[in-house]
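# Give the three-dimensional model of this entry:
(one chain, ligands or ions: 1)
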Amino acid sequence: MARIGFVGLGRMGAPMARNLLRAGHQVVVFDIVQPAVDAVVEAGATAGFSAAAAAAEADFVITMLPAGEHVRDAWLGQGGLAKAARQGALLMDCSTIDVATARDVAAKAGQPFIDAPVSGGVMGAEAGTLTFMVGGSDDAVARARPILEAMGKTIVHCGEAGAGQVAKLCNNMMLAATMAVTSEAFVMAEKLGLSAQALYDVCSKSTAQSWALNTYCPVPGPAPGSPANRDYAPGFTAALMRKDLGLAQQAAKDAGVETPVGALALALFDRFVDGGGGGKDFSGIIAMIREGKG
Ligand code: NAD
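Prediction:
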């Protein structure tokens, strides 16, 4: 049993914290939104009166926050977690943030720090089947592994600090572009008189197969579990996908790499979100493409 401080109890953080409790850990939680704290306290956590208080006695301190500025402020700002954590604690951030901030926070934290962004969405967080992409030293990652295993199924050590974020941003750039072109193919098939089921039956077994097609198919019917079957309720929102695509473009620019397909995916998701699709699942972009606004 470990003592864990957990900060950020949103759609992802709350179920992750509950899985730590289920695994028998002692969890002290904090969020700036009181009902979010209350919900996890009901499941057996203790409420910290601040982020620093949640971290003070912990062996492991975890953040799951919206974006880089929140993560920087939570760890390095006034009364931040890096100072509040006791010596010897292992620090980890599971949010999806920009690579530069991830590296900077790890460098300035003053003790072992890993970035461990996740894939698998709210469903994966609830089921404890997340994939963690981890950046940090061998030692730190080995120590973190049993804690991550209480929240996820696959833990991949990607490299040094920031490598987890690089993997996450590359993954989501590929996913977004694949979903956009898969949607185009379904609309094209529709207009040319090929049924969605026939296209699925061929492509899900052929060289075009992908998670976006096989599991998360953007039209209702062929993959019964996909958000298309529930009017594109998320899932993974288009707003979050746009955020990740923006981070991917920033990382590519910083590295001097041209990613025209990634840039186009960002432009498409910009248009979809600006048109009101931000709260829909990202596979809902097929509606925009069907209307000819792609
Ligand atoms: P969310 O907005 O639901 O939750 C964020 C939580 O952080 C909120 O409860 C908010 O009150 C809290 N918070 C903000 N600032 C805080 C502070 N200073 N101190 C304490 N709490 C603070 O977001 P989410 O969907 O849980 O996502 C969290 C992270 O995980 C994001 O970086 C997101 O990109 C990433 N992610 C999300 C999904 C998904 O499907 N939702 C999937 C993979 C990764």
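
# how about the closest residue to the ligand within the chain, what does it touch?
Taking CB to the nearest ligand atom, the ligand has its nearest neighbour within the chain at residue 10, 1.7 Å off. Where C-beta positions appear, they are placed from N, C-alpha and C, glycine not excepted. Contact partners of residue 10, counting by CB atoms under 8 Å, 6 or more residues apart in numbering, are 31, 36, 64, 66.

# what do you get if the cut-off is 10 Å, keeping everything else the same?
With contact taken as CB atoms under 10 Å, 6 or more residues apart in numbering, residue 10 is in contact with 16, 31, 33, 36, 64-66, 95, 122, 125.

# Does the ligand have contacts with stretch 45-57?
Yes: contact of stretch 45-57 with the ligand is found when judged by CB under 6 Å from any ligand atom, involving residue 51.

# Let me know the average pLDDT across that stretch.
Averaging pLDDT along stretch 45-57 gives 97.

# What residues does the stretch 101-250 of the chain have near the ligand?
That would be 118, 121-122, 236, 240, which are the residues of the stretch 101-250 of the chain within reach of the ligand (CB under 6 Å from any ligand atom).

# Drop anything exposed from those.
Neighbour-count burial (16 or more other CB atoms under 10 Å) is assigned, among those, to 118, 121-122, 236, 240.

# Mind putting these into JSON lines with distance to residue 201?
What follows is these, written out as JSON lines (distance: CB to CB, whole Å):
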{"residue": "118", "distance to residue 201": "32"}
{"residue": "121", "distance to residue 201": "26"}
{"residue": "122", "distance to residue 201": "29"}
{"residue": "236", "distance to residue 201": "25"}
{"residue": "240", "distance to residue 201": "31"}
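
# Of the residues you listed, which belong to helices?
Per DSSP state H, helices hold the following members of those: 121-122, 240.

# After the helix or strand residue 132 falls within, which helix or strand is next?
Assigned by DSSP states H and E, residue 132 falls within strand 130-135. Scanning forward in sequence from strand 130-135 by DSSP H and E, the next helix or strand is helix 138-149.

# Pull out the buried positions in that following helix.
Neighbour counts over helix 138-149 (16+ other CB under 10 Å) mark 140-141, 143-144, 147-148 as buried.

# contacting residues around the helix or strand bottoming out on mean pLDDT in the chain?
For the chain, counting by mean pLDDT, DSSP states H and E, helix 121-127 ranks last in confidence among helices and strands (a mean of 91). Residues outside helix 121-127 that contact it (CB under 10 Å, 6+ apart) are 10-19, 64, 94, 118, 120, 129-131, 151-154, 225, 234-237, 240, 281.

# can you tell me which residues contact the nearest residue to residue 227 once chain neighbours are set aside?
The spatially closest residue to residue 227, leaving aside those adjacent along the chain, is residue 281, at 3.7 Å (CB to CB, 6 or more residues apart in numbering). Under the criterion of CB under 10 Å, 6+ apart, the contact list for residue 281 reads 121, 179, 216, 218, 226-228, 230-238, 241.
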